[in-house]
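Novice: predicted coordinates and the sequence they were generated for:
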Amino acid sequence: MAEKFSVDGDAVRALAQLLDDTQLNEVEYQVGTHRIKVARTPNVSAPTQAAPVVVSEASAPVSAPAAPTPQPAAAAGEPVNSPMVGTAYLKPDPDSEPFVKPGDIVQAGDTLLIIEAMKVMNPIKAPRAGKVLQVTVADGDPVEFGEPLVTLQ
């Protein structure tokens with residue numbers, strides 16, 4: 001049976017203050033198998049949104065970060081950037097076709113892909129109509145805030 005983990009609000013507030021003091025975007029604190037991660041994402045397009053604070057718990061030890069994945073050269077066009085940190089999924093389920101692929105024509109509001117963050121599936125919608133020039137992430141790739149996901153013509 002998993003050990004119950006109680007979140008220490010003072011520790012979370014102290015970590016959030018550390019983010020402000022150091023201008024970092026993310027900080028983690030681990031004791032044994034319990035980990036607290038506090039992250040913030042700057043507001044990009046909606047000044048009325050508050051920057052979320054993320055607290056997560058891990059039951060396994062933290063592994064060393066993976067080597068950075070080389071990013072493909074950006075295609076000429078307008079990138080659609082990730083609004084959050086998470087895992088990108090190009091298909092609604094493993095047996096389905098991708099939402100979009102290069103050459104597809106999309107309309108504003110069409111789903112381009114999904115980003116899973118804290119077990120919540122967040123559809124990433126096309127900001128405008130256009131042709132998909134490039135999909136710059138692979139299915140299951142971890143993505144960072146502001147990372148280009150899809151390029152529209």
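Specialist: Sure thing, it's come through.
Novice: got the domain ranges for the protein?
Specialist: By the assignment in automatic domain parsing, the chain contains the domains 8-62, 78-152.
Novice: check those domains for me and report the most buried one.
Specialist: Looking across the domains of the chain with neighbours counted as mean count of other C-beta atoms under 10 Å, the highest average goes to domain 78-152: a mean of 16. Any C-beta I mention is one placed from the backbone N, CA and C, and that applies to glycine too.
Novice: residues contacting the residue nearest to R128 when sequence neighbours are not counted?
Specialist: Distances taken as C-beta to C-beta, 6 or more residues apart in numbering place A108 nearest to R128, at 5.0 Å, with adjacent residues excluded. Residues in contact with A108 (C-beta atoms under 8 Å, 6 or more residues apart in numbering) are K125, A126, P127, R128, A129.
Novice: can you show me the strands along this protein?
Specialist: Shown for the chain, the strands assigned by DSSP state E span residues 26-31, 34-39, 78-81, 86-89, 105-106, 111-117, 120-125, 130-135, 142-143, 148-152.
Novice: just want the angle from the second one to strand 26-31.
Specialist: Interaxial angle, strand 34-39 versus strand 26-31 (axes from the mean of the first three to the mean of the last three C-alpha atoms, to 10 degrees): 170 degrees.
Novice: now strand 34-39: mean pLDDT?
Specialist: Strand 34-39 carries an average pLDDT of 74.
Novice: surely P98 is in contact with P92?
Specialist: No: with contact defined as C-beta atoms under 8 Å, P98 does not count as touching P92 (9.1 Å).
Novice: follow-up on the earlier one: same list (the strands of the chain) but as CSV, adding distance to R13.
Specialist: CSV is the format used below for the strands of the chain (distance: least, C-beta to C-beta, whole Å):
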stretch, distance to R13
strand 26-31, 12
strand 34-39, 9
strand 78-81, 30
strand 86-89, 24
strand 105-106, 42
strand 111-117, 22
strand 120-125, 24
strand 130-135, 39
strand 142-143, 27
strand 148-152, 32
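Novice: A16: which of those strands is closest?
Specialist: Between A16 and the strands of the chain, the tightest spacing by C-beta to C-beta is seen for strand 34-39, at 5.5 Å.
Novice: what packs against the closest one?
Specialist: Helices and strands touching strand 34-39, as assessed by 3 or more C-beta pairs under 8 Å, 6 or more residues apart in numbering; DSSP states H and E, comprise helix 9-22, strand 26-31.
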